[in-house]
Each structure stands twice: as C-alpha cells, then as structure tokens.
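1. curious how this folds, go ahead:
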Amino acid sequence: LSYANIQTNNYGVTLSNSHNNKLSNVMTRYNYVDGISLTNSSNNNLEFITATLNSNKGIKMESSSFNELNFVQTIESNSYGIDILSSSFNNFSNVLTDSNALGLVLSGASNNFFQNISANFSIFGGFSLDFNSSNNLFSNFVVANSILGMQITEGSSNVFVNGEFNRTESAIYLGSGILEENIFNNISISETQTGGFGDISFNSADVNGTQFIDMHNVENYFFSGGTISVKNSEFGEIKFLESVSGSGTNFSNDIQIGKNSMTVKSENNIGFNKSANVTFFNRPSGFINQSILHNGNLCNQLTIPACNNFTSLQNETVVFRVNSWSNYTFLQGIDVQFPSVIQYSPQDISSSGATIDFDISDNGEIANCSVLIAGNHYLNTSSILPTNNEIIISGLSPSTAYTSQVFCTDLGNNINNSAVLNWNTLASGGSP
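-> Numbering: from 1, shown residues only. The predicted structure is shown next:
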C-alpha cells in the first residue's frame with residue numbers, strides 16, 4: 001500500500017495475522033479508533049507514515065514482532081501516539097510523536113529498538129513502560145514539554161542512551177514495580193519545571209543495578225532504596241553495595257567523579273553514606289609508592305576507615321572498597337618512567353637554519369625540552385615548551401654538516417633523549 005490517504009473510518013489501516021507487507025507514504029487521519037493497527041503480524045515494513053487526529057491511538061501494535069517502522073509521525077491522537085503491547089524485536093527509527101496524550105507506550109513489550117525518537121508536547125508523558133517491559137533500547141531521543149519525561153512502572157534491563165529531557169515536570173520517574181538494571185547513559189536534563197518530581201525520582205526500592213553513566217548537571221533527585229552505580233567513562237565509577245535513599249537538590253554535586261578524585265557529599269544526603277566499590281580508570285603507568293587518600297589521609301586495609309583494594313595500585317584500572325563517604329583521592333607516588341622522545345628529519349632546511357620537529361610521550365607531564373645542535377664551531381642548546389614540539393634554528397653556516405638531538409625532562413626529573421640525526425645546510429645559493 002503506497003501513497004494512500006485514509007480518513008473517517010473506524011480504523012485507518014489494520015494488519016491482523018498479516019506478514020511481509022510494505023506500507024509507504026500513507027496518511028491516516030480523523031479515524032474513530034486507531035490510525036494504524038498491527039495484531040499478530042510480523043516482518044512488515046512501514047515507512048513515511050503519518051497518523052494524525054485519530055480518536056484513539058496513532059499506531060497500535062499488539063503481539064507482533066520483527067516489524068520495521070521508519071519515518072513515522074503520530075500527531076494529536078486523543079490517546080497514545082504509539083502503543084506497543086506484548087510485542088518484541090521491532091525496530092522504530094526516525095519517529096515523531098507530537099501533541100498526544102502519551103507519546104510512546106510499552107506494555108509487556110521487550111527487546112525492541114528505538115532510534116531517533118522525538119516526543120513533544122505529550123500531555124502526560126513522553127515515554128511510558130509497564131507490565132515488565134524489558135531489554136528495550138532507546139538511542140538518540142528527545143522528550144520535551146511534557147509532565148513526565150519518562151515513566152517506568154515495571155521493567156528491567158532497558159537502556160536509554162544519548163537522550164534529552166527538556167521542560168518536563170519530572171524527567172526520569174520510576175514507579176513502584178520491579179525496575180532492576182536499567183541504564184541511563186549520556187542523558188541531558190534541562191529546564192525541569194516546578195510542581196513535579198524533579199530530574200530523577202525513584203519511588204521503588206527494587207531498582208538494584210541501576211546505572212547512571214556520563215550524566216551531567218542533574219539536579220533534584222529522590223531515591224527510595226536499591227543499589228545504583230554512577231560512572232564517568234573517562235575517570236571512574238562508584239558502585240554502591242548497599243541500598244541508597246534520600247533526596248537532594250543537586251545529584252551531580254552530591255556525587256562527583258573526577259581525575260584521581262571521588263566525592264560523595266553524604267553530609268547533604270546521609271542516605272548516600274553507604275559502602276561502595278570505587279574504580280579509577282586510565283591510571284598512568286610508571287609510578288611507584290602510589291596510595292589512596294581519604295580526606296587527605298592515608299587509607300588502606302589497616303586504617304579507619306579502611307580502603308581494601310582488589311587490584312594493584314600500579315594497574316591502569318584500580319578497584320577498591322570503601323565503607324563510608326566523603327572524599328577519596330589517588331596519590332600518584334614517585335614517577336620512575338622516562339619520557340619517550342622521537343626526533344624527525346629537520347624541515348625547512350636553508351643555508352642558515354632549519355626547523356627541528358619531535359614527539360614526546362610520558363606517563364605524566366613534561367617539564368621542559370631542549371635541542372642540541374652541533375657542527376663546524378656552532379653549538380647551541382635551545383629550550384622549548386613541551387606543547388610546541390618544534391624549534392626553529394638560525395645562524396648556521398651554509399653547506400655544513402650538523403647533528404641534532406632532543407632532550408626532555410618530566411616532572412619526576414626523569415631525563416631522556418632522542419637519537420642523533422645528521423643533516424646538512426644548503427649552499428648559499430639554496431642548492432644542496
């Protein structure tokens with residue numbers, strides 16, 4: 001079915017026990033029930049579909065699987081923009097739900113994939129998941145101007161990644177059911193309105209394994225219980241081992257993960273003062289006598305409070321357990337690794353000068369570098385900033401053999417040098 005305009009019927013388009021169909025460039029509107037309905041149907045392809053001003057639902061899918069819906073719009077349905085019941089392994093991409101009572105609703109729906117989804121001006125909420133809707137993936141989505149951004153009443157192991165909630169009264173709301181191991185990754189929350197539940201509100205304690213990854217600038221929050229983890233993909237992760245609870249006005253301020261530093265401000269929320277496994281990522285190699293500090297004081301398995309490490313402190317990834325919270329930092333220790341210095345063949349050689357280029361790598365920071373040029377009564381050592389990695393040499397003699405060598409020192413006072421390169425300046429006229 002292609003290029004069809006269907007209106008003022010009980011149902012716009014109905015597929016029941018129907019498979020391997022293709023619908024393209026179809027508009028359904030002013031229908032008394034649903035714009036498009038799929039029941040017990042599979043392997044259908046729907047693209048460039050608009051369902052608008054239907055009395056019940058824009059698109060309803062029930063007990064259906066392996067369907068593809070691409071470039072779909074549901075606008076001003078009196079009920080749901082898209083309603084998915086007991087359906088699985090369906091792919092939705094490039095979907096707009098606008099001005100519906102609810103934007104996208106999943107009931108007992110699992111293993112579905114949603115990509116590039118916009119739910120705007122939904123009266124009650126952008127996304128709603130209930131009746132054990134699990135293992136669904138939402139990627140690249142925007143929910144704006146709704147009372148609830150996302151509501152999960154019952155459902156586990158759903159993944160929400162690269163999303164945005166804007167101008168909602170409650171951005172992420174979890175109800176009272178079993179809601180374990182849901183993942184919220186790189187989601188932006190902005191302009192949350194007053195009168196709702198804030199940026200994050202968990203009314204269920206059955207939320208064990210919930211993960212917040214790269215969630216920045218999250219403000220008002222409420223937890224009823226359950227274990228959660230907070231992760232910064234660059235610096236590290238805090239995985240609570242006991243149930244957390246309580247509320248606050250700035251989640252991102254109360255749990256901070258930075259380079260070599262983890263902070264949980266339990267004075268702002270005593271419900272966060274629980275044992276946790278702490279992981280530092282991307283630790284540099286080449287240091288000895290490294291240590292963990294609690295509020296600036298040494299922390300190990302013998303101190304009070306104790307820090308029990310599960311890995312060597314010399315590892316790139318370091319994991320240890322803490323029993324209470326304030327601030328934990330990682331002390332670098334003594335740097336014993338020498339920098340690596342590679343010099344490249346000089347560039348822009350003339351009769352009187354050249355440009356020396358080189359690369360530096362080190363486990364820490366470089367303090368300074370110098371270039372030694374020698375040949376025919378000319379000897380010069382020139383210091384250079386380590387971020388520049390080149391130096392221009394002048395005052396050389398024409399048609400003369402020279403050598404160059406680069407020396408670098410890191411902040412641990414470890415010194416290394418490049419190999420010596422031999423090269424010649426040009427003759428006065430510019431020829432070799």
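2. these two touch, right, Ile334 and Asn289?
-> Yes - with contacts counted by C-beta atoms under 8 Å, Ile334 reaches Asn289, the gap being 5.3 Å. Quick note: C-beta positions are derived from backbone N, CA and C, even for glycine.
3. buried set for stretch 318-328?
-> Buried residues in stretch 318-328, counted by 16 or more other C-beta atoms under 10 Å: 318-322, 325, 328.
4. show me what it is in contact with.
-> With contacts defined as C-beta atoms under 8 Å, 6 or more residues apart in numbering, stretch 318-328 is touched by 241, 261-267, 272-280, 283, 292-296, 299, 305-312, 330.
5. using CSV, list the CA coordinates for stretch 118-125.
-> Taking C-alpha atoms only, stretch 118-125 is exported to CSV below (Å, rounded to 0.1, in the frame of the first residue of the first chain):
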residue,chain,number,x,y,z
SER,A,118,11.1,12.8,19.5
ALA,A,119,8.2,13.0,21.8
ASN,A,120,6.9,16.6,22.1
PHE,A,121,4.0,18.2,23.9
SER,A,122,2.7,14.9,25.3
ILE,A,123,0.0,15.8,27.8
PHE,A,124,1.0,13.2,30.4
GLY,A,125,4.4,11.8,29.3
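6. distance from the chain centre to it, please.
-> For stretch 118-125, the separation from the chain centroid amounts to 24 Å (computed by C-alpha atoms, centre = their mean, to the nearest Å).
7. and if you look at stretch 150-163?
-> With C-alpha atoms, centre = their mean, you get 15 Å for stretch 150-163.
8. now stretch 70-85
-> 28 Å.
9. how long is that stretch end to end?
-> By C-alpha to C-alpha, to the nearest Å, the extent of stretch 70-85 from end to end equals 19 Å.
10. any idea of the mean pLDDT for it?
-> If you average the pLDDT over stretch 70-85, you get 95.
11. swap in stretch 168-187?
-> Mean predicted confidence for stretch 168-187 is 94.
12. quick one: buried residues of it?
-> 168-175, 177, 179-180, 182-185, 187.
13. picking up where we left off before, let's see which of the buried residues of stretch 318-328 end up in strands.
-> 318-322, 328 (DSSP state E).
14. what sits against the residue nearest the centre of the chain?
-> Among the residues of the chain, Asn186 comes closest to the average C-alpha position under C-alpha atoms, centre = their mean, at 3.7 Å. With contacts defined as C-beta under 8 Å, 6+ apart, the neighbours of Asn186 are 161-163, 213-215.
15. filter those down to the buried ones, ChimeraX style.
-> The following ChimeraX line selects those of those that are buried, judged by 16+ other C-beta under 10 Å:
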select :161,163,213,214,215
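16. I'd like the contacts of Asn186 as a markdown table, with distance to Thr39, secondary structure and pLDDT appended.
-> As requested, the contacts of Asn186 are arranged in a markdown table below (distance: C-beta to C-beta, whole Å; DSSP: H, G, I helix; E, B strand; the rest coil; pLDDT from 0 to 100):
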| residue | distance to Thr39 | secondary structure | pLDDT |
| --- | --- | --- | --- |
| Val161 | 30 | strand | 98 |
| Asn162 | 32 | strand | 98 |
| Gly163 | 30 | strand | 97 |
| Ile213 | 37 | strand | 98 |
| Asp214 | 39 | coil | 98 |
| Met215 | 38 | coil | 95 |
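17. name the nearest of the contacts of Asn186 relative to Thr52.
-> Gly163 (24.7 Å; C-beta to C-beta).
18. pretty sure the closest one is in contact with Asn140, am I right?
-> Yes - look at Gly163 against Asn140 with C-beta under 8 Å: they come within range, at 7.2 Å.
19. hey, which helix or strand in this protein has the poorest pLDDT?
-> strand 378-384 (a mean of 55; mean pLDDT, DSSP states H and E).
20. low-confidence ranges, the chain, go.
-> Applying pLDDT under 70 to the chain flags the ranges 8, 376-388, 429-432.
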